[in-house]
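**Q** What follows is a predicted protein model with its sequence.
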Amino acid sequence: MSDLFHVSPDVAAAIAGGSPVVALETTLVTHGLPQPDGERVAAALEAAVRAHGATPATIGILDGTVRVGLTRAELARLATASHPVKVNLGNFAAEVAAGGCGSTTVAATMFAAWKAGIRVFATGGIGGVHRGVMEMGDVSADLTALSRYPVAVVCAGAKAILDLPRTVEMLETLGVPILGVGTAEFPAFYRRESGLRVDRRCDTIADVAHAVRTHFDLGFMSGVVIANPVPETDALPKELHDSALGTALVEAVEVSGRDVTPYLLDRMRTLTGGASVRTNEALLLNNARVAADLAVELAQSVS
Ligand code: PSU
Ligand code: MN
């Protein structure tokens, strides 16, 4: 890899040795969760990945270098930076060229993970097609990255702040399989149900690993969505979720572009009295554990 990338020694050793590695993103740290929750949760995700037998590789951009495997101090720098840039595919090279610092979205993290040779990635929820897409044309670059980089992304589906039916349709158009972990329904991030189908329900991690491996073995170059619903006990109650979401969406006409997702997440936090952040943290940890189990299973089935 070029010296634009810096892979930490432990992550490099794990990749070289064929040991399980799980990529983690940093936009949820800088833009998705309030401080100091972001930094604390990022550390907890790394611990969860380790506890399940894999090496975490938290990804971000520092001083114009793509860091695959941020140290605790580097993570703290990013988390406490005054205006960290939210980096997706379009502004990635410009940010590196400028020698800047930025947190990586699902899209940018998938790209960096793929470059480093990491095949499994855990996040909260993927971006997708925004509501009102006909007026604004706002479709997350996460979908572009999913169509382009062969990485399995463990997520709790996509947030209901998005247009979920159009998001699922777009994944199909782009040729990105959706595997449901113990569910036939595409999860809606804060809640388990959306009324939308997944491509295949998998009831064991071995099942998920087999489907992921087959996708890659067939030669597909796209990613795979591993849709892992939030545990029932951590989901937002329906009434609270729906009323907060209704208000947040009305207010969101105020913002556009890269600000939309962070704005909606923050309004959900306030409107639910902080409950959405607890749900977010719970589903992130749940995804980190499943991603580690998947990485372990994939590493074993290679040899
Ligand atoms: N989902 C969350 N929290 C987040 C994000 C998604 O629960 O912070 C972040 C992810 O990094 C995702 C990005 O890639 O938001 C999507 O932003 P946009 O819709 O602007 O592409
Ligand atoms: Mn967008």
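**A** Received the coordinates, thanks. Ligands and ions are numbered 1, 2, ... in the order given.
**Q** Do you have the helices of the stretch 1-150 of the chain handy? List them.
**A** 9-16, 27, 37-51, 72-80, 92-97, 106-116, 133-136, 141-148 (DSSP state H, counting those that start in this stretch).
**Q** cool, and the stretch 201-303 of the chain?
**A** Using DSSP H, counting those that start in this stretch, helices in the stretch 201-303 of the chain cover 205-217, 238-251, 260-271, 275-302.
**Q** Return the most buried member of the helices of the stretch 1-150 of the chain.
**A** Sort the helices of the stretch 1-150 of the chain by mean neighbour count, taking mean count of other Cβ atoms under 10 Å, and helix 27 sits at the top with a mean of 29. Every residue, glycine included, has its C-beta placed from N, CA and C.
**Q** residues making contact with that helix?
**A** For helix 27, the surrounding residues in contact (Cβ atoms under 8 Å, 6 or more residues apart in numbering) are 86-87, 103-106, 108.
**Q** hmm, try it at 6 Å
**A** By Cβ atoms under 6 Å, 6 or more residues apart in numbering, the residues outside helix 27 that reach it are 86, 103, 105.
**Q** so what's the residue in the chain that ligand 1 sits nearest to up against?
**A** The minimum distance from the chain to ligand 1, using Cβ to the nearest ligand atom, falls at Gly32 (2.2 Å). Neighbouring residues of Gly32 by Cβ under 6 Å, 6+ apart: Leu265.
**Q** Rebuild the helices of the stretch 1-150 of the chain as a markdown table, extending it with mean pLDDT.
**A** Shown next, in a markdown table, are the helices of the stretch 1-150 of the chain (pLDDT from 0 to 100):
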| stretch | mean pLDDT |
| --- | --- |
| helix 9-16 | 98 |
| helix 27 | 97 |
| helix 37-51 | 97 |
| helix 72-80 | 95 |
| helix 92-97 | 98 |
| helix 106-116 | 98 |
| helix 133-136 | 82 |
| helix 141-148 | 98 |
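**Q** who in the stretch 1-150 of the chain is up against ligand 1?
**A** Counting by Cβ under 6 Å from any ligand atom, the stretch 1-150 of the chain comes close to ligand 1 at 25, 27-28, 31-32, 88, 105-107, 124-125, 127, 140-142.
**Q** sorry, back to before: same list, the helices of the stretch 201-303 of the chain, but as TSV with mean neighbour count and distance to Asn228 please.
**A** Converted to TSV, those look like this (neighbours: other Cβ atoms under 10 Å; distance: least, Cβ to Cβ, whole Å):
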stretch	mean neighbour count	distance to Asn228
helix 205-217	17	9
helix 238-251	15	18
helix 260-271	20	19
helix 275-302	22	5
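**Q** would TSV of the ones you listed with mean pLDDT and distance to Ser8 be doable?
**A** As requested, these are arranged in TSV below (pLDDT from 0 to 100; distance: least, Cβ to Cβ, whole Å):
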stretch	mean pLDDT	distance to Ser8
helix 205-217	98	25
helix 238-251	96	37
helix 260-271	94	27
helix 275-302	96	17
